[in-house]
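Undergrad: Need coordinates for the following:
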Amino acid sequence: MLKKAMETPEKNSLNDIETDFVNHAIEKSKELTIFLVNGIKLEGTIIAMGSNSFLLKRDDNIQLVYKHSISTILPLDSTNFID
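TA: This is a model prediction of the structure:
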């Protein structure tokens, strides 16, 4: 799904690249590093996405991360992130 979105961008698509990227990470349970705008680094797997936030799981902990606080999302293994 993410590879298709990158190859055939549509102007008025309901899904944007952010949604496709995060949905792919959720579906494949990809490990991510999330950098916040204040410099804090979080690692884990996004398990759910809301309109303004993500649920990030690591070990036995789950935390709510607001989208406006995120600077960058980086897959831990970006070599095979896109199927």
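
Undergrad: For this protein, give me the ranges with low pLDDT.
TA: Applying pLDDT under 70 to the chain picks out residues 1-15, 83.

Undergrad: Would you point out which residue is most central in it?
TA: Against the mean C-alpha coordinate of the chain, by CA atoms, centre = their mean, the closest residue is Val22 at 3.5 Å.

Undergrad: so what's the residue lying closest to it once chain neighbours are set aside up against?
TA: Leaving aside its chain neighbours, Val22 sits nearest to Met49 (5.3 Å; criterion: CB to CB, 6 or more residues apart in numbering). (Each C-beta comes from the backbone N, C-alpha and C, glycine too.) Going by CB atoms under 8 Å, 6 or more residues apart in numbering, Met49 touches Thr19, Val22, Asn23, Ile26, Leu55.

Undergrad: Distance of Met49 relative to Arg58?
TA: 16 Å (CB to CB, to the nearest Å).

Undergrad: now Ser29
TA: 12 Å.

Undergrad: The strand ranked longest in the chain pairs with which strands?
TA: Longest strand in the chain by number of residues, with DSSP state E as the criterion: strand 41-49. Here strand 41-49 has these sheet partners by DSSP bridges: strand 32-36 (antiparallel), strand 53-58 (antiparallel).
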